[in-house]
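S.K.: Need a 3D model of the following:
(one chain, ligands or ions: 2)
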Amino acid sequence: MQWSEKYRPASYFEIKGQDLAVRKIKEFISEFNLSKITKKRIKKAIILHGPPGTGKTTLAHVTAKETNSEIFELNASDLRNREKLREILKPAIEQQSLTKKSKIILIDEVDGISATDRGGLLELLGLIEKTQYPVIITANDIWDKKFNVLRKKSEIIQLKEVEYRIIKDILINILKKENLFIPHDILTSISIKAKGDIRAAINDLHAIAHSEKNELSPELFDERNKEIDIFNALRLIFKNKPTKETLEIFDSVNMPLDKIILWIEENIPAEYQGEELAKAINALTKADLFKGRIYKQQYWRFLVYENIFLSYGISAAKKQPRTGFTSYKKPTRILKIWMYNQRNAKKKSIAQKYAEYVHVSYKRAMREFPIIKQIIKSNQEIERELKLDKDEIEYLHKPIEIKN
Ligand SMILES: Nc1ncnc2c1ncn2[C@@H]1O[C@H](COP(=O)(O)OP(=O)(O)OP(=O)(O)O)[C@@H](O)[C@H]1O
Ligand SMILES: [Mg+2]
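M.R.: Ligands and ions are numbered 1, 2, ... in the order given. You can find the predicted model right below:
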């Protein structure tokens, strides 16, 4: 059993680093219960949002346990089918009758609802109107405009990235229970590397605790975190047999996954032929498919799948590991298109901000962009007013250059 599951908190007390969220959800539940007597109108849903592995799903389940409620869990895809949903929910929204046990309705990972899925969201809003039971919703990102109404109808609680010292304490506790010892500097490294994600830290701890003793030196652990360049990453992927480490190769490459795709695409034919080539192209296509879904649905969790196909998938296309040197090429043509699109995206976002600020249409801002660009550039005050980010400012000031 995964340690992150084995050590999932079972009480409010065991949830670390989220004191404010715990207090708020307690208040929410008691107000909910009170409103049944006072008939005061209150918000009947609460959204727990924040980065992965910080305790959102856990907090929902713990709340059910602590209030001795049954948990009624729905996911984004359940919301898609109205009929089915009504069927499922009937007992949940009917007046509490024979069974004394109260219920909590959990909609886990609501950001899995796709942009086109208006029906599912409407159904959820309807549910919040009718429900006799508190609704807990979790999400990584709740600021998309499709959630505007949902946000208005709900209490909102943010769960924060957890500080590394707290994560380290959690790890030490687990090791005590497992009767294991791992040096403190390694625990510190794991905790920092996790960047607030407790699940990631526990998973790393689990992996390291089960690896050979000689892999435990802190130097080695640091070695793993060092940046490697894209050429080395390609060599590791194409030449070696896939292992667990293969999955993490791109973590150490300072380049977005979207761009890494281009490098892989360009160099597959240099390494693979025949059946291997077909397999590699297949993995590449799947990575690209997830990339599309990430953009369309803003479902960042799919990055994991994109990464798996690009690293493990491409590596596993070969029958035998190989030796020898291959000179990998820069993906020139498609990289140009990619860079152009990136730049164009900046132009669009600047035009959007400008249009909103001066109340003209976005179309017009795009049409008159050359002039607008000069206006913005002429005065730093305007850059600030428009809240341009670093990349957008860079776009404005950098001459257009497309290098090979
Ligand atoms: N605040 C916390 N205190 C103690 N352990 C935690 C905490 N948050 C997360 N964990 C650990 O991480 C695991 C995953 O947490 P959880 O499923 O609640 O994350 P989440 O916030 O719902 O993440 P996601 O956004 O990926 O769904 C838990 O099983 C538990 O082991
Ligand atoms: Mg979760």
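
S.K.: what about this protein, any weak spots by pLDDT?
M.R.: Across the chain, the stretches falling below the confidence threshold (pLDDT under 70) are 92-100, 114-116, 212-227, 298, 399-404.

S.K.: where do the strands sit along it?
M.R.: The residue ranges that make up the strands of the chain, judged by DSSP state E, are 45-49, 70-75, 103-108, 135-139, 154-158.

S.K.: Now for the closest residue to residue 286 other than its chain neighbours: which residues touch it?
M.R.: Counting by CB to CB, 6 or more residues apart in numbering, residue 309 is the residue found nearest to residue 286 once chain neighbours are left out, at 4.5 Å. Yep, even glycine has a C-beta here, placed from its N, CA and C like the rest. Residues in contact with residue 309 (CB atoms under 8 Å, 6 or more residues apart in numbering) are 283, 284, 286, 287, 290.

S.K.: is it true that the first one touches residue 318?
M.R.: No. Between residue 283 and residue 318 there is no contact, the gap being 11.3 Å when judged by CB atoms under 8 Å.

S.K.: Could you pull out the residues contacting both of these two?
M.R.: Both residue 283 and residue 318 lack any common contact, where contact means CB under 8 Å, 6+ apart.

S.K.: one step back: could the strands of the chain go into a markdown table alongside distance to ligand 1 and mean neighbour count?
M.R.: As requested, the strands of the chain are exported to a markdown table (distance: least, CB to the nearest ligand atom, whole Å; neighbours: other CB atoms under 10 Å):
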| stretch | distance to ligand 1 | mean neighbour count |
| --- | --- | --- |
| strand 45-49 | 8 | 24 |
| strand 70-75 | 11 | 16 |
| strand 103-108 | 7 | 22 |
| strand 135-139 | 6 | 25 |
| strand 154-158 | 11 | 19 |
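
S.K.: between these, which gets nearest to residue 15?
M.R.: strand 45-49 (11.5 Å; CB to CB).

S.K.: I'd like to know which residues of the stretch 51-200 of the chain are adjacent to ligand 2.
M.R.: Taking CB under 5 Å from the ion as the contact definition, the stretch 51-200 of the chain meets ligand 2 at 56, 57.

S.K.: Do a quick rundown of the helices in the stretch 51-200 of the chain.
M.R.: 56-66, 82-93, 118-130, 148-153, 164-178, 184-193, 198-209 (DSSP state H, counting those that start in this stretch).

S.K.: again with the stretch 301-404 of the chain
M.R.: If DSSP H, counting those that start in this stretch is used as the criterion, the helices of the stretch 301-404 of the chain fall at 303-308, 314-315, 332-358, 362-367, 369-378, 380-385, 390-397.

S.K.: residues in contact with the closest residue to residue 9 other than its chain neighbours?
M.R.: If the residues on either side of it in the chain are set aside, residue 9 comes closest to residue 15, at 4.7 Å by CB to CB, 6+ apart. For residue 15, the contacting residues are 9, 22, 55, 58, 59, 62, by CB under 8 Å, 6+ apart.

S.K.: what about residue 15, distance to residue 250?
M.R.: Distance check for residue 15 against residue 250: by CB to CB, to the nearest Å, it reads 32 Å.

S.K.: and the residue of the stretch 151-300 of the chain found nearest ligand 2, how many neighbours does it have?
M.R.: Of the stretch 151-300 of the chain, the residue with the smallest distance to ligand 2, taken as CB to the ion, is residue 199 at 8.8 Å. The criterion is other CB atoms under 10 Å. On that basis, residue 199 has 19 neighbouring residues.

S.K.: My guess is it contacts residue 51. True?
M.R.: No. Counting by CB under 8 Å, residue 199 stays clear of residue 51, with 10.3 Å between them.

S.K.: Quick one: the contacts of residue 15 as JSON lines, columns for distance to residue 342 and neighbour count too.
M.R.: Putting the contacts of residue 15 into JSON lines (distance: CB to CB, whole Å; neighbours: other CB atoms under 10 Å) gives the following:
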{"residue": "9", "distance to residue 342": "42", "neighbour count": "18"}
{"residue": "22", "distance to residue 342": "41", "neighbour count": "21"}
{"residue": "55", "distance to residue 342": "35", "neighbour count": "25"}
{"residue": "58", "distance to residue 342": "37", "neighbour count": "22"}
{"residue": "59", "distance to residue 342": "38", "neighbour count": "24"}
{"residue": "62", "distance to residue 342": "43", "neighbour count": "21"}
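
S.K.: Show me which of those is closest to ligand 2.
M.R.: Lowest distance from ligand 2 to those (CB to the ion) belongs to residue 58, with 7.6 Å.

S.K.: Contacts only, for the closest one.
M.R.: Neighbour list for residue 58: 8, 9, 15 [criterion: CB under 8 Å, 6+ apart].

S.K.: do the same with residue 108
M.R.: Taking CB under 8 Å, 6+ apart as the criterion, residue 108 is in contact with 57, 60, 73, 74, 75, 138.

S.K.: how about 6 Å then?
M.R.: For residue 108, the contacting residues are 57, 75, 138, taking CB atoms under 6 Å, 6 or more residues apart in numbering as the criterion.

S.K.: Dump those residues into a markdown table; add distance to residue 40 as well.
M.R.: Formatted as a markdown table, these follow (distance: CB to CB, whole Å):
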| residue | distance to residue 40 |
| --- | --- |
| 57 | 29 |
| 75 | 31 |
| 138 | 26 |
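
S.K.: ok, the residues you listed vs residue 188, which is closest?
M.R.: Within these, distances to residue 188 taken as CB to CB reach their minimum at residue 57, with 26.8 Å.

S.K.: show me what contacts that closest one?
M.R.: Each residue near residue 57 by CB under 6 Å, 6+ apart is listed here: 108, 138.

S.K.: Can you get me the start-to-end distance on stretch 31-46?
M.R.: Stretch 31-46 stretches 12 Å from its first residue to its last (CA to CA, to the nearest Å).

S.K.: Let me know whether residue 276 touches residue 316 as I believe.
M.R.: No. Contact criterion CB atoms under 6 Å: residue 276 and residue 316 do not qualify, at 9.9 Å.

S.K.: Next up, the contacts around the spatially closest residue to residue 194 that is not a sequence neighbour.
M.R.: Using CB to CB, 6+ apart and skipping residues adjacent in sequence, the residue nearest residue 194 is residue 201, 3.7 Å away. The neighbourhood of residue 201, defined by CB under 6 Å, 6+ apart, consists of 167, 190, 191, 194.
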